[in-house]
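Asker: next come a sequence and a model predicted from it.
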Amino acid sequence: METAATPLLRTTGSTAVERIISSSRRPRSLGAKKPGAVSLAMGEPDSGTPTAIVEAAVNALTSGRTRYAPMAGSPELQHAIAKHTAARYSRPTESGNIVLTHGGSGGLAATMLALVNPGDRILIPEPTYSLYADHAAMIGAEVIWVPNLADGSLDLDTLQQEAAAAEMIVLCNPGNPTGRVYPDSDLHRLGQLLQDNPGLLLLADEAYADITFDGGAFTSALTLVDAREQIICCSTFSKTYAMTGWRLGHVVAPVQLAEKINTIHRTINGPLSTFVQDAAMTALETPDADLQAAADSYQQRRDVVVDLLSGLPGVEMLPPQGAFYAFPKINSALTSDEMTARFAEAGVLVRSGSEFGPSGEGHIRISFATDLESLQEGLARFASAVKEMV
Ligand SMILES: Cc1ncc(COP(=O)(O)O)c(C=O)c1O
């Protein structure tokens, strides 16, 4: 008797998604989570969104701001961000330079999709935020990892050698996962490199620009005025204003590139939430003193991490200068993934350094965006578990 052929169920995705999955450096889990585990894994401010911003969103909603916003984003918000950027970085900036995006992630993805082609070479100084390589994989672009030097600065000689054959450099500054801020001299040499290679673009992800420590100078790529036609800078409301769940970011780019980025962004996302954009106007009015207080509070926690880790045998670290991450190297025979699993067993969740590029192997990322008490408990567990690894 003939049986009907079983229809083949499709389980594979597009080549784009298969490329992301197969090249992902992210381990599938942070390890078995024990009840009562302390998480030092998340890149998320512990404070909720400031009340004034929440109230602005509620007011927008109750006054009926629930309909589609313009495709290019709220003109008032674009204008306010342009003004803010011009004042902060002494850089002439108009509304046409601003693309409003679905978080920083939406801005990064739209920029890459708008400006990079399959097969293009993208230079990525690392260790760095893992999303850039995922975007490159989605597009089918080739990632050229450029490990940072031992002091955490850029390997500008290698970047220079690779520049002529590349389309883009992606820079995370201040750094996730390293917490390092690139020196002014690195940024200026990078600006010169761009001028020497007019076909090369710099995508600077400055998600943590408002979180720097010890009064140290942070040089934004937006200040490299001589190369400004080649620079795209991506920011987010997520970290500065503790608005991770609101999904709002923005890109600053030369007008013609901004239009291309917006074309991709609106094709994928449509318009952004109306009331979120209204509330963002209030976020931009946050007094500098409040932003400084938030940075100071992260600095206090950074100090706790540095104090504890610098005394631990077998653990080395360049002190974080910004963002809210520490990236210690642990001199162990275990891999980063294995160490992450061991820490989870010991009741502290961290991230494996290998997620952040090849030279992240041997490191662990600790987020200190959690409350002080959890941080101290998590670090105590870290310290006792690490003794068994080195
Ligand atoms: C360096 C960096 N860029 C971008 C993002 C993404 O931000 P958003 O939550 O706004 O998409 C993150 C989030 O952790 C980040 O660390």
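Answerer: Perfect, I can see it now.
Asker: where along this structure do the helices fall?
Answerer: For the chain, the helices defined by DSSP state H occupy 15-23, 51-62, 75-89, 103-115, 131-139, 156-163, 184-196, 237-240, 255-269, 274-284, 288-310, 336-345, 372-386.
Asker: distance from the chain centre to stretch 250-257, please.
Answerer: How far stretch 250-257 lies from its chain's middle: 18 Å, per Cα atoms, centre = their mean, to the nearest Å.
Asker: check whether that stretch comes near the ligand.
Answerer: No. Judged by Cβ under 6 Å from any ligand atom, stretch 250-257 and the ligand are separated, with a smallest distance of 10.1 Å. Where you see a C-beta, it was placed from the backbone N, CA and C, and this is true even at glycine.
Asker: okay, that stretch in CSV with CA atoms only?
Answerer: In CSV, the C-alpha atoms belonging to stretch 250-257 read as follows (Å, rounded to 0.1, in the frame of the first residue of the first chain):
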residue,chain,number,x,y,z
HIS,A,250,19.6,58.2,17.3
VAL,A,251,22.3,58.4,14.7
VAL,A,252,24.2,61.5,13.6
ALA,A,253,25.4,61.3,10.0
PRO,A,254,26.1,63.5,7.0
VAL,A,255,22.7,64.4,5.4
GLN,A,256,22.9,62.2,2.4
LEU,A,257,23.9,59.2,4.5
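Asker: which residues belonging to that stretch are considered buried?
Answerer: 250-254, 257 (16 or more other Cβ atoms under 10 Å).
Asker: what of stretch 346-364?
Answerer: Going by 16+ other Cβ under 10 Å, stretch 346-364 has these buried residues: 346-357, 359-364.
Asker: export the helices of the chain to JSON lines and tack on distance to residue 173?
Answerer: Shown next, in JSON lines, are the helices of the chain (distance: least, Cβ to Cβ, whole Å):
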{"stretch": "helix 15-23", "distance to residue 173": "24"}
{"stretch": "helix 51-62", "distance to residue 173": "26"}
{"stretch": "helix 75-89", "distance to residue 173": "14"}
{"stretch": "helix 103-115", "distance to residue 173": "13"}
{"stretch": "helix 131-139", "distance to residue 173": "13"}
{"stretch": "helix 156-163", "distance to residue 173": "14"}
{"stretch": "helix 184-196", "distance to residue 173": "8"}
{"stretch": "helix 237-240", "distance to residue 173": "13"}
{"stretch": "helix 255-269", "distance to residue 173": "20"}
{"stretch": "helix 274-284", "distance to residue 173": "22"}
{"stretch": "helix 288-310", "distance to residue 173": "16"}
{"stretch": "helix 336-345", "distance to residue 173": "23"}
{"stretch": "helix 372-386", "distance to residue 173": "24"}
